[in-house]
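*Asks:* got a predicted model here, sequence first, then my questions.
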Amino acid sequence: MKRVLVTGGVGTIGSAVVRRLLRDSDWNVRVSDQRPAPGWMRDACEVHTGDLRDREQAKQAISGCTHVIHLAAIVGGIANFHKLPYTLTEVNNGLYNGIFSAALDKGVERFTYVSSSMVFEQARQYPTREDYLPECPVPVSAYGFSKLTGEVYCRAAHDEHGLPYTICRPFNAYGPGEMPEAEPGIAHAVPDLIRKSLVPMKPLPIFGTGEHTRTLTHVDDIADGIVVATGHPRGLNEDFNISASDERTVSEFAAIIWEACGNDPAELQFEHLPTFEVDVVRRWPSVEKAKELLGWEAQIDLRDGIADTVRWLREQDGVASS
């Protein structure tokens, strides 16, 4: 049986990846995260709680594992990128130093690095293909640059030491598991807009004109794509956009959220807040490579996924009143 270490496994995407792995009898799962693991995860998985920036603790976490799915990172919404540029750069690079070194030391069969659509934050090609990355201008945000750095680590470790890798780039993850924050932009857009729509706030605050686009991808689809890419022979030493294909403006998906929260569509009006220095104008990936090589594509309809997320957030204490 294959044993996989999921770093950052308690996070929103990490938890979805762990659930997806546990549905497949081929995988034995170990989770590494400094946050407390929920009971279901402790019951079904080995749990490691050390600091992966420490190389000895990283080796301990990987010991006995055939595969690694590396998700551990400082992430968050657009405000978080601007609020913590040095912290996220320092922490994420520290994690790379620890986990890549340990993976090479232990000789894993496959190292899956979970990157980000933010490596394409300055893209000019749409839909954006994976092979466009060498031509794409370098990210200007610390977060985008940090995630691109992880991709460079993957390829460098492969070129010099033969590390078998797969790179997965989720696009605009949303779904059950991520709570909104009181400060706008710290969490991602979907939980933030659900919180505001449940109150409801009239007018509904959004950043910018509302014409910026995103390709929202349900976290369960992302988890499935990551697991498929990790286990597939044709995923070896390849990179994939893990995404839905439906490009929507912020105004469009805010309207879907507004209605899913039980509000009258006719009553929706926007308050346009000033946006941030780095706010990607358009995000629309090509998903053909994953379909062709892996036979994978996203399955969850946006309206169904939003309704699922609204139901989950309604069950959480204090969301509508926060």
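*Replies:* That came in fine, so what should we check first? Numbers count the residues shown, from 1 in each chain.

*Asks:* please make it C-alpha for all contacts and neighbour counts, starting now.
*Replies:* Noted.

*Asks:* gap between the two ends of stretch 289-305?
*Replies:* With CA to CA, to the nearest Å as the measure, the first residue of stretch 289-305 is 24 Å from its last.

*Asks:* can you give me the offset of it from its chain's centre?
*Replies:* Its chain's C-alpha centre lies 15 Å from the corresponding centre of stretch 289-305 when counted by CA atoms, centre = their mean, to the nearest Å.

*Asks:* that one - what's its average pLDDT?
*Replies:* Mean pLDDT, computed over stretch 289-305, is 98.

*Asks:* ok, stretch 64-82 next?
*Replies:* Mean pLDDT, stretch 64-82: 83.

*Asks:* quick one: list the elements packing against the one helix or strand residue 224 maps to.
*Replies:* Using DSSP states H and E, residue 224 sits within helix 219-231. The contact analysis (3 or more CA pairs under 8 Å, 6 or more residues apart in numbering; DSSP states H and E) places helix 219-231 against helix 12-22, strand 110-114, strand 165-170, strand 173-174, strand 238-242.

*Asks:* can you give me the angle it makes with helix 12-22?
*Replies:* 60 degrees (axes from the mean of the first three to the mean of the last three CA atoms, to 10 degrees).

*Asks:* what about the helices in the stretch 51-200 of the chain?
*Replies:* For the stretch 51-200 of the chain, helices defined by DSSP state H, counting those that start in this stretch occupy the ranges 55-62, 78-83, 85-106, 142-161, 189-198.

*Asks:* redo these as CSV? Include mean neighbour count and distance to residue 122.
*Replies:* What follows is these, written out as CSV (neighbours: other CA atoms under 10 Å; distance: least, CA to CA, whole Å):
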stretch, mean neighbour count, distance to residue 122
helix 55-62, 21, 33
helix 78-83, 19, 15
helix 85-106, 19, 18
helix 142-161, 18, 10
helix 189-198, 24, 20
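
*Asks:* and of those helices, who's closest to residue 269?
*Replies:* Of all the helices of the stretch 51-200 of the chain, it is helix 189-198 that lies closest to residue 269, at 11.3 Å by CA to CA.

*Asks:* helix or strand right after the closest one?
*Replies:* strand 204-207.

*Asks:* could you list the low-pLDDT ranges of the stretch 1-150 of the chain?
*Replies:* Scanning the stretch 1-150 of the chain for pLDDT under 70 picks out 76-81.

*Asks:* report the distance from stretch 308-316 to the chain centre.
*Replies:* Computed by CA atoms, centre = their mean, the separation of stretch 308-316 from the middle of its chain amounts to 19 Å.

*Asks:* still on that earlier bit, between the helices and strands packed on helix 219-231, which gets nearest to residue 189?
*Replies:* Closest of those to residue 189 is strand 173-174, at 8.5 Å (criterion: CA to CA).

*Asks:* name the helices or strands packed onto the closest one?
*Replies:* Packing partners of strand 173-174 (3+ CA pairs under 8 Å, 6+ apart): strand 217-218, helix 219-231.

*Asks:* got CSV for those, with mean neighbour count, mean pLDDT and distance to residue 58 too?
*Replies:* Listed next are the helices and strands packed on strand 173-174 as CSV, based on neighbours: other CA atoms under 10 Å; pLDDT from 0 to 100; distance: least, CA to CA, whole Å:
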stretch, mean neighbour count, mean pLDDT, distance to residue 58
strand 217-218, 26, 98, 30
helix 219-231, 24, 98, 20
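
*Asks:* quick one: closest of those to residue 259.
*Replies:* When these are compared for distance to residue 259 using CA to CA, the nearest one is strand 217-218, at 18.2 Å.

*Asks:* about what we covered before: what are the contacting residues of the helix holding residue 224?
*Replies:* 12-14, 16-17, 20-21, 69, 110-112, 114, 166, 168, 170, 173-176, 235-236, 242-243, 294, 296-300 (CA atoms under 8 Å, 6 or more residues apart in numbering).
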